[in-house]
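**Student:** Sequence and predicted model, in that order:
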Amino acid sequence: MGRHLLLPTPPTPARRRSRNALALLVLGTLLVALLPTFVRIGPAFGATTLQAVRIIGGPGHAGHYGWGADSITTGPRAGNVLITDYWNFRITEFDQQGNVVGHPVTNDGRHQAPYDVAVNPLNGNIAFGDVDAGMQVDIYSASGTYLRSCGNGSRWQYPAWLDYDPFGRLAVADSRGHKIVMVNDANCSVLYQFGSLGGGASQLNQPRGVDFATDGTLWIHDNGNRRVVQWNVGPTSATRIKSFPVSAGDLRGLMVRDGEVYSVNAAQARVNVYSAATGTFLRSIGGGQLVDGGRGITADGEGNVWVADMPSFQTLKFTPQGEFLLSATEPPGPPPVGGYNLPESVAGFPDGTVAGMDSFNWRVNVHDADGTPRLAFGTRSVFNYPRGIAAHRSANQVVIGDTDASQVEKYTLSGQRVWTVNGVKPWGVAVDQVDGRVYAAEFNSNRIRVINSNGTLGATFSGGLSQPRAVAVDPTDRSVWVSNYNNGRIVHFSSTGQALGSFASGANLAAGIAVGETTIFLADKNGNQIRMYTKSGTPAGTFGGSGTALGRFRNPTGLDLVGDRLYVMEFGGERIQELRVVTS
């Protein structure tokens, strides 16, 4: 490779006026000290270099992402409600009038997004499912002091739902392990466990919401079997008492109170209420107010029902009969247009319009050529953690890789759906600008799916793929380049799926990829830089480094090349950077 240039930030006017040797010496010393903030832009001669131009958008979380719910039953705070604020990595305490009392668990760096929450009735300890941090359960004191983490990935496969019994024992529903684990929260030791995969009387299939009734029996949402099961939980073992069927759907939180079972059904966007004695359906509440059916559920000190509804960015309070009382948020409303929450990818257009995939706000942000937010479209009921976005430039449309919905969808830039293809679980997507074909990288299936411009499935090809993360179409010959997240290799295919070769990128998690006339650009996610290669796989320079200044990155994941502009989406920085491509 040729020499690299290090470009400092422009000198101040005072420095420009300095002419004496001492001032130059001081300036030189300052420049050496500031070198970590400079931008490395690539080879100086006969190659492609990059220059940082501007930042578009920025972090934009909603004030409240309600997920888990439980109430405090003892002490001076009795009757208050705890709601896990999922994407703000904290737990919020509300009084019974919906006012924010405080945050007994903050975003302290010890945990990821909190799932369900439970309060120990004996000592006020707060436990919550910390699935994303290594499949563990975290326990804090009533005052918010971190105490310990249980499990750490070795005990269960998905500990999202939990509750304490009257004796302070913690029941953890291992949804993917299809069992309930009884835990001593003082030392994280396992007391015993019960359940196994199946539809038998004492078996479970994806247990979710769990709740101890006042009589000490444990009630479980047996989601895969579409039923509620009641268990007698003894000192060393558990015995099934009975079960009854409930409405099919996406069963989430469960609460038993005053002889009634409250079953949160996300697919139906409501809470179904049944008789605990007979299983008879009694009524539904929340219909019309819940956006995606809710998550956790609890009752406050007055017996009113609280449902955490993350997709609507609020927690809703009802009477037991279903009368809507209030919305608890902090502050109210969705995230700001143009703001991002762990975004994954970006799409650019020749007129300067930029569309960003706001993955964890379940929407697309559209920015005007000057970077001003134009609009946002999509909600949690429309998208299910979409990761990929690509521009069909001649049509002024975008293709969405709606990952967890297992769909690829096409939209106009105003948010009107054009077509949907089901049965594809995409991560990155790319569009052939000549004929509108779409290439979707299936991360878990190690293959590329081809979708015709009219939204019908075409060919499938694979070979040499290991967690394909992103895909790009070569503008010179319409061949396809794919980044492998797992091993960092870049794989090259013809447009019909013929293997053309591959090379090692050296990236620390290879993410977004873009291809120009002569250069391949790769987002090195954990390396916090953009890597450049010739099409033969020869390294041709790097750009960036860790940081928040212009030209620095926090986990770049998405790339798109439009003319001489390279757009970079930052997963950790939650923003878009525009870079200029200079070819000498």
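**Tutor:** Happy to help now that I have it.
**Student:** Walk me through the domains of the protein.
**Tutor:** As assigned by automatic domain parsing, the chain contains the domains 38-60+335-583, 66-328.
**Student:** Export the ones you listed to CSV and append columns for mean neighbour count and mean pLDDT.
**Tutor:** Quick note: C-beta positions are derived from backbone N, CA and C, even for glycine. Putting these into CSV (neighbours: other Cβ atoms under 10 Å; pLDDT from 0 to 100) gives the following:
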stretch, mean neighbour count, mean pLDDT
domain 38-60+335-583, 20, 95
domain 66-328, 19, 96
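**Student:** what's the spatially most central residue of the chain in contact with, if anything?
**Tutor:** Nearest to the geometric centre of the chain sits Phe360, at 4.4 Å (Cα atoms, centre = their mean). By Cβ atoms under 8 Å, 6 or more residues apart in numbering, the contact list for Phe360 reads 87, 341-343, 385.
**Student:** redo that, cut-off 7 Å
**Tutor:** 87, 341-342, 385 (Cβ atoms under 7 Å, 6 or more residues apart in numbering).
**Student:** what about stretch 191-203, how long is it end to end?
**Tutor:** 19 Å (Cα to Cα, to the nearest Å).
**Student:** what's in contact with the helix or strand harbouring Asp560?
**Tutor:** Counting by DSSP states H and E, the element that carries Asp560 is strand 556-562. Residues outside strand 556-562 that contact it (Cβ under 7 Å, 6+ apart): 344-350, 391, 511-514, 516, 521, 523, 525, 528, 530, 566-571.
**Student:** quick check, Glu107 in a helix?
**Tutor:** Just to correct that, residue 107 is Asn rather than Glu. No - assignment of Asn107 by DSSP: H, G, I helix; E, B strand; the rest coil gives coil, placing it outside any helix.
**Student:** mind listing what it touches?
**Tutor:** Counting by Cβ under 7 Å, 6+ apart, Asn107 touches 88-90.
**Student:** Just the closest of these to Ala459, please.
**Tutor:** The closest of the contacts of Asn107 to Ala459 turns out to be Phe89 (Cβ to Cβ; 41.9 Å).
**Student:** if I look at the nearest residue to the closest one once chain neighbours are set aside, how far off is Ile91?
**Tutor:** Once flanking residues are discounted, Phe89 sits nearest to Asn107: 3.9 Å by Cβ to Cβ, 6 or more residues apart in numbering. With distances taken as Cβ to Cβ, to the nearest Å, Asn107 is found 10 Å from Ile91.
**Student:** same question, Gln112
**Tutor:** As judged by Cβ to Cβ, Gln112 and Ile91 stand 13 Å apart.
**Student:** how about the strands of the stretch 451-584 of the chain, start to end?
**Tutor:** Listed in chain order, the strands of the stretch 451-584 of the chain (DSSP state E, counting those that start in this stretch) span 457-461, 468-473, 480-484, 489-493, 499-504, 510-515, 519-524, 529-534, 539-544, 556-562, 565-570, 575-583.
**Student:** Give the partner strands of the fifth one in its sheet and their orientations.
**Tutor:** Next to strand 499-504 in the sheet, as set by DSSP bridges, lie strand 489-493 (antiparallel).
**Student:** ditto for the longest one
**Tutor:** Taking DSSP bridges as the criterion, strand 575-583 sits next to strand 48-56 (antiparallel), strand 565-570 (antiparallel) in its sheet.
**Student:** now those strands as a markdown table including distance to Val101?
**Tutor:** Converted to a markdown table, these look like this (distance: least, Cβ to Cβ, whole Å):
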| stretch | distance to Val101 |
| --- | --- |
| strand 48-56 | 36 |
| strand 565-570 | 34 |
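**Student:** Please save the CA atoms from the strand holding Asp560 in CSV.
**Tutor:** What follows is strand 556-562, C-alpha atoms only, in CSV (Å, rounded to 0.1, in the frame of the first residue of the first chain):
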residue,chain,number,x,y,z
PRO,A,556,-20.5,1.1,11.9
THR,A,557,-22.9,-1.5,10.4
GLY,A,558,-24.6,-0.2,7.3
LEU,A,559,-23.1,1.2,4.1
ASP,A,560,-24.5,2.6,0.8
LEU,A,561,-22.6,4.2,-2.1
VAL,A,562,-24.3,6.8,-4.3
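**Student:** Which strand residues bridge Gly558?
**Tutor:** Beta-bridge pairing of Gly558 under DSSP bridges involves Met569.
**Student:** one step back: for the residue nearest to Phe89, give me phi and psi.
**Tutor:** phi -80, psi 80 (degrees, to the nearest 10).
**Student:** and if you look at Ser394?
**Tutor:** phi -70, psi -30.
**Student:** for Phe360, same thing?
**Tutor:** Dihedral angles (degrees, to the nearest 10) for Phe360: phi -100, psi 0.
**Student:** ok, it to Gly401 distance?
**Tutor:** With distances taken as Cβ to Cβ, Phe360 is found 14 Å from Gly401.
**Student:** How about Asn555?
**Tutor:** To Gly401, Asn555 is 18 Å away according to Cβ to Cβ.
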